[in-house]
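Asker: Structure for this input, please:
(chains A and B)
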Amino acid sequence: MSRREVGERKAVISGIGQSDVGRRLNREPLSLTIDACLEAIADAGLTPADIDGLATYPGNMTVPPGFSGAGVTEVQDALRLELDWFHGGIESPGQLGSVINACLAVAAGLCDHVLCFRTVWEATAQGDKSRASTMPGAGSMGRGGSVRMGSFMQWNLPFGAPSAANWIGMMAQRHFHEYGTTREQLAGIALNGRRNAARNPKAIYTAPMTLDDYLEVRMISDPLCLYDCDVPSDGSTAMIVSRAEAATSLRKPPIHVEAVGSAIRGRPSWDQWDDLTTMALRDAASMLWERSGLTPADVDVAQLYDGFSFITLCWLEALGFCGQGEGGPFVEGGTRIALDGELPVNTHGGQLSAGRLHGYGFLHEACVQLWGEGGERQVAGSPEVALAAAGGGPLAGCLLLTR
Amino acid sequence: MTRPFRVLPELTPENQHFWTGGERGELCILRCQSAACATWIHPPAPVCPTCFGREVAPEVTSGKAEVHTFTINRQPWYPNLDPPYLVAIVELPEQAGLRLTTNLVGMEVEEAAIGQPVSVTFEQYDDVWLPFFEPDLEPDVEGEDPSVGGAEGEDDS
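Answerer: Predicted structure coming up:
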């Protein structure tokens, strides 16, 4: 089999930034975005004049409320960027698809320094209304007449299943059925996130959580309980993807992109995916290892999407840290994935406890750990290889990073 | 009692067979019209994903299914659609992997189980007949051709 060129190795990450993170910050989302962007640019030792590429997920959108904080246009104009390449859009390999695109842009020589950002302000946008008020169709309810929906949503919404909690809940149920996975095992992910969040000054939820707390909290969509679901948050995260040759004398040693995974080889659907226990994570993870000589055993720290705890379990299986169906025993008790465990996972607390920054938080934390900037949550032994993965269901993208 | 609020599908020529077949008590799914292929296609698409033939048309299914997975939704999302209720993905016997999302009805939420045989039942909302599934008390014997004899259609004649 002919081996493709691994073009993403011409890309590095040269700086990171993050705004305040919280519930209902009541800040302008563009202002949060600029906080994160300026911090990332300065972190790399660059100025806005050096930025010639811009990438974001999901681009400018007005619904769901707070899902997009700013698009390419607003950020370019606010900072008067002179761009050779830009992209914003939602049809990509998960949230980190935008960063993967940036890697390809610099590798292709289209630009030197891409500012990548993701902003959410779902907590402020939701305001004092219920979570249900943000669901598709909710905005039109109570005005008489029926609410009609096209697109893929038509296959879920009529059945009162508007939330990813329902869709992921059904995948988890199937995993429980096939492999004997239990809620007690799944709890290991939520509890690990909460423990790590206590060491992260920006984390939202830091109060200690016990297994009993987890087992007794209300259920949302069986087998998922409240603590299996992330919570709407406000915050912006940014990073600079640079062309390796243009980043040799910047402020910090560059983080190398060893490989990316962007594949989706099954049906792009929440209910038609062939094996619901694997999701698209299976394909993205498989592609990532096809492009690298490294193996799961080489990874020192893994930041794996936890919009729902069950998704982290699936990423662990997909990436080969354990076998298919063995995720439950792998995370049970949480010692293996703890800060001082054999594979520290979600060292910042993940979205479950540190805040739903929607994908970018995991890549940010992977860089924090590789640069040794983790403070109280820094993994011992100077991690050299990190994995950042984001997305669930039919959305999945991942990056393998080295320093 | 007020009827539950339901977001309804926007009817189009492409999806109408699925959402309105219930008026005749029929669960209709698109199918490749090449006799050699005859792949069932869901959600509807203007091409067969197996042979890439362009002749596709709705056909009536057995209306039987098996629960592939399910969840007990316990969160209120819509007015008068009161939790708990069952959301499920069911798989039709016509073809491996031929699935759809639905509600399981006619059972307590604790009674749902993966692998459970179910059969379609329709509920009308405006011009849409939503296909729900209820326990199938007379599932077909494995391998039996549902078009020959079987449990349905004979009792009333």
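
Asker: Just the pLDDT at the residue nearest to residue A:231 when sequence neighbours are not counted, thanks.
Answerer: By the measure of C-beta to C-beta, 6 or more residues apart in numbering or on different chains, the closest residue to residue A:231 outside its immediate chain neighbours is residue A:356, 6.1 Å from it. The way it works is simple: take the backbone N, C-alpha and C, and place the C-beta from them, glycine included. Listed pLDDT for residue A:356 reads 98.

Asker: Kindly report the same for residue A:2.
Answerer: On the pLDDT scale, residue A:2 gets 52.

Asker: One more: the one 4 residues further on?
Answerer: Per-residue pLDDT puts residue A:6 at 97.

Asker: did I read that right, residue A:362 in a helix?
Answerer: Yes. Assigned with DSSP: H, G, I helix; E, B strand; the rest coil, residue A:362 falls within a helix.

Asker: so what's residue 9 up against?
Answerer: In the absence of a named chain, this looks at chain A. Residue A:9 makes contact with A:107, A:244, A:256, A:257, A:258, A:259, according to C-beta atoms under 8 Å, 6 or more residues apart in numbering or on different chains.

Asker: Correction: the question concerned chain B.
Answerer: With C-beta under 8 Å, 6+ apart, residue B:9 has these contacts: A:148, A:149, A:150, A:154, A:158, B:15, B:19, B:128.

Asker: wait, isn't the third one in contact with residue B:12?
Answerer: Translated: residue A:150. Yes. Assessed by C-beta atoms under 8 Å, residue A:150 is found in contact with residue B:12 at 7.5 Å.

Asker: how much distance is there from stretch B:94-102 to the middle of the chain?
Answerer: Taking C-alpha atoms, centre = their mean, to the nearest Å, the mean C-alpha location of stretch B:94-102 is offset from the chain mean by 8 Å.

Asker: And the contacts of it?
Answerer: If you take C-beta under 8 Å, 6+ apart as the criterion, stretch B:94-102 is touched by A:155-156, A:159, A:161, A:271-272, A:274, B:29, B:39-40, B:42, B:61-62, B:68, B:87-92, B:131-133.

Asker: repeat that for 6 Å
Answerer: Stretch B:94-102 is contacted from outside by A:155-156, A:159, A:271, B:40, B:61, B:68, B:88-92, B:132-133, using C-beta atoms under 6 Å, 6 or more residues apart in numbering or on different chains.

Asker: Double-check that the residue nearest to residue A:231 belongs to a helix.
Answerer: No. In this structure, residue A:356 is coil, not part of a helix, as judged by three-state DSSP.

Asker: where does residue A:81 sit relative to residue A:169, distance-wise?
Answerer: Note on residue A:81: its distance to residue A:169, by C-beta to C-beta, to the nearest Å, is 42 Å.

Asker: wait, what's in contact with whichever residue of the stretch 251-400 of chain A sits closest to chain B?
Answerer: When scored by C-beta to the nearest C-beta, the stretch 251-400 of chain A has residue A:271 as its residue closest to chain B, at 4.8 Å. Counting by C-beta under 6 Å, 6+ apart, residue A:271 touches B:89, B:101.

Asker: Just say helix, strand or coil for it.
Answerer: Going by three-state DSSP: residue A:271 is coil.

Asker: Neighbours of the nearest residue to residue B:28 once chain neighbours are set aside, how many?
Answerer: Distances taken as C-beta to C-beta, 6+ apart put residue B:21 closest to residue B:28, at 3.8 Å, once the chain neighbours are dropped. If you count neighbours by other C-beta atoms under 10 Å in any protein chain shown, residue B:21 ends up with 21.

Asker: Tell me if residue B:21 really is in a strand.
Answerer: No. Going by three-state DSSP, the assignment for residue B:21 is helix, not a strand.
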